[in-house]
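Asks: With the sequence up front, the predicted model follows.
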Amino acid sequence: MMQLGKRYTCASCGSVALCCTAGSGEVHCCEQAMVPMEAKSLPSSD
């Protein structure tokens, strides 16, 4: 299931896709499903 606003990356070539419409499908690149990218942690503002 694709989530709105999530970025997906290709493990083979490194391409990145941004989901603009949520749905039940999958994004494919290089003949395989793309995986969701992990969120980056924000630096502390101490």
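Replies: The structure has been received and is ready for your questions.

Asks: what sits against Met34?
Replies: Taking Cβ atoms under 8 Å, 6 or more residues apart in numbering, we find Met34 in contact with 8-11, 15, 17, 26-28. In this view, the C-beta of every residue, glycine as well, is placed from N, C-alpha and C.

Asks: excluding its backbone neighbours, what's nearest it?
Replies: Nearest residue to Met34 in three dimensions, chain neighbours excluded: Tyr8, at 3.9 Å (Cβ to Cβ, 6 or more residues apart in numbering).

Asks: the strands in this structure, which residues?
Replies: All strands of the chain, identified by DSSP state E, fall at 7-9, 16-18, 28-29, 32-33, 35-36.

Asks: what's the spacing between the third one and its chain's center?
Replies: In terms of Cα atoms, centre = their mean, to the nearest Å, the centre of strand 28-29 is found 11 Å from the chain centre.

Asks: neighbouring strands for it, and are they parallel or not?
Replies: strand 32-33 (antiparallel) (DSSP bridges).
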